[in-house]
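>>> Next input, structure requested:
(one chain, ligands or ions: 2)
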Amino acid sequence: MAPPFTVIRDTTPDSAIPRGAVVAMGNFDGVHLGHRAVIAAALEMGRAHGRPALALTFEPHPRRFFSPNTPQFRLTDERAKLRLLAGTGLAGAVVMTFDKARAGTSAQDFIRHDLIGRLGVSGIAVGYDFHFGKGRVGSPSLLVNEAPRLGIEVDVQPHVDIDERPVSSSAIRIALAEGQLDQATTMLGAPWFITGEVIHGEKRGRDLGYPTANIRLDANCGLKHGIYAVRVGRGTERLDGVASFGRRPTFDNGAPLLEIFLFDFKGDLYGQALDCAFIGFIREELKFDSLEALIRQMDDDSGRARAILAAAPDAFPRLGVID
Ligand SMILES: Cc1cc2nc3c(=O)[nH]c(=O)nc-3n(C[C@H](O)[C@H](O)[C@H](O)COP(=O)(O)O)c2cc1C
Ligand SMILES: Nc1ncnc2c1ncn2[C@@H]1O[C@H](COP(=O)(O)OP(=O)(O)O)[C@@H](O)[C@H]1O
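Ligands and ions are numbered 1, 2, ... in the order given. I've put the predicted structure just below:
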């Protein structure tokens, strides 16, 4: 069994912090291939130093603090991010609350008090574009310049490119908004997933022969509306299915909802937490003139989803266990 993943917060007593750790520092929304390069550098440095490697991240996302009224499509909420980080081999994560005090801390004070004072880091890995501290004055080159004086090692990772474009959280958001799942999966290194609790719907699904586990996604979720091949995690169990994310134009044009039909499954899922990984985009949502036409289309969708999933037997994010 892997040792437990430690989550260190602002409220964690100093005595519970492993001194001399190496940190991979970033916002890490999505934990994509660029983030994974930074994490890999921290893991290697940790091995060289004989010290644990931790992620150091900020919550809520700093963008949320600076633009509270702008809707933000987050690829991972805090819990999803920590589960992905726990799946990388890191020993834990330092989650710093991003509030007014933190936003107002100068880069030098952050280095002196937080990184060196409280965490006592022996090394830092960052991505080429990571900025920190009041006014975003802290940069990779500032860390590199300060490293000898501080007696720590600093590693700066260049961007990871795919098709000559840097992997970034915003490029992944755009791919998901366009239904370009293959692009999103390639940049993430694994399919994108959400976690949600199964709620009650209109109870139409069972009459159509397609009972669907309904999950409300975050109101800011920018995933394209449409029909998807999905792989669902229920604890360690994996269940394949086909899902619709959208407003159901055939019926009510209601609030966007994720509705998952699981193949070869019978049972009650209400109240359960499911992880839903999006493996392939099948089509856009349509308005049907009859239930028969919708059912015929759902039969066809199921066949296509089964074929997509059969061709991707291992597609699922690697999630670690937290708390
Ligand atoms: C594979 C699949 C495809 C779907 N396609 C559409 C669609 O194109 N248009 C639409 O209005 N609803 C579509 N739906 C949504 C169904 O209308 C919805 O699942 C059904 O109304 C059951 O609702 P309930 O879960 O609230 O009972 C689809 C559902 C599934 C599972
Ligand atoms: N194969 C299946 N896929 C999804 N949900 C199923 C399946 N079999 C049974 N269920 C259960 O049926 C419920 C969905 O039935 P449905 O008639 O669509 O009701 P609702 O409108 O509440 O979603 C799910 O929440 C789950 O508890």
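>>> list the helices and strands the host helix or strand of residue 206 packs on?
Residue 206 belongs to helix 205-208 when assigned by DSSP states H and E. Contacts defined by 3 or more CB pairs under 8 Å, 6 or more residues apart in numbering; DSSP states H and E place helix 205-208 against helix 291-310. Using the backbone N, CA and C atoms, a C-beta is placed for each residue, glycine as well.
>>> For the residue of the stretch 201-323 of the chain found nearest ligand 1, give me its contacts.
The minimum distance from the stretch 201-323 of the chain to ligand 1, using CB to the nearest ligand atom, falls at residue 201 (2.7 Å). With contact set as CB atoms under 8 Å, 6 or more residues apart in numbering, residue 201 has these partners: 212, 214, 257, 259.
>>> how about the first one, what does it touch?
Going by CB under 8 Å, 6+ apart, residue 212 touches 201, 205, 243, 244, 259, 260, 261.
>>> Need the pLDDT of the second one.
The reference is to residue 205. Residue 205 is assigned 92 on the pLDDT scale.
>>> Tally up the residues packed near it, please.
Applying other CB atoms under 10 Å, we find 16 residues neighbouring residue 205.
>>> can you check the last one too?
A count of neighbours around residue 261, defined by other CB under 10 Å, yields 21.
>>> Let's see the pLDDT reported for it.
98.
>>> Give me the angle between the host helix or strand of it and helix 291-310.
Assigned by DSSP H and E, residue 261 falls within strand 257-262. Angle, strand 257-262 to helix 291-310, by axes from the mean of the first three to the mean of the last three CA atoms, to 10 degrees: 70 degrees.
>>> What strands line up against strand 257-262, and which way round?
strand 213-215 (antiparallel), strand 237-246 (antiparallel) (DSSP bridges).
>>> Any chance of JSON lines for the ones you listed, columns distance to ligand 2, mean neighbour count and mean pLDDT?
Listed next are the strands paired with strand 257-262 as JSON lines, based on distance: least, CB to the nearest ligand atom, whole Å; neighbours: other CB atoms under 10 Å; pLDDT from 0 to 100:
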{"stretch": "strand 213-215", "distance to ligand 2": "4", "mean neighbour count": "23", "mean pLDDT": "98"}
{"stretch": "strand 237-246", "distance to ligand 2": "7", "mean neighbour count": "20", "mean pLDDT": "98"}
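>>> ok, whichever residue of the stretch 51-200 of the chain sits closest to ligand 1 - contacts?
Ligand 1 sits closest to residue 200 of the stretch 51-200 of the chain, with a gap of 8.2 Å, by CB to the nearest ligand atom. Contact analysis of residue 200 by CB under 8 Å, 6+ apart lists 214, 270.
>>> Just the pLDDT for the residue of the stretch 201-323 of the chain closest to ligand 1.
93.
>>> phi, psi of the nearest residue to residue 253 once chain neighbours are set aside?
Using CB to CB, 6 or more residues apart in numbering and skipping the chain neighbours, the partner closest in space to residue 253 is residue 247 (4.9 Å). When read as degrees, to the nearest 10, the backbone of residue 247 gives phi -110, psi 0.
>>> Residue 247 against residue 284, yeah?
No: using CB atoms under 8 Å, residue 247 is not in contact with residue 284; the gap is 11.7 Å.
>>> quick one: which of those two has more around it?
With neighbours defined as other CB under 10 Å, residue 247 and residue 284 compare such that residue 247 has more, 15 against 11.
>>> End to end on stretch 212-230, go ahead and measure it.
End-to-end distance of stretch 212-230 (CA to CA, to the nearest Å): 13 Å.
>>> Could I get the buried residue list for it?
By neighbour count on 16 or more other CB atoms under 10 Å, the buried set for stretch 212-230 is 212-215, 221-224, 226-230.
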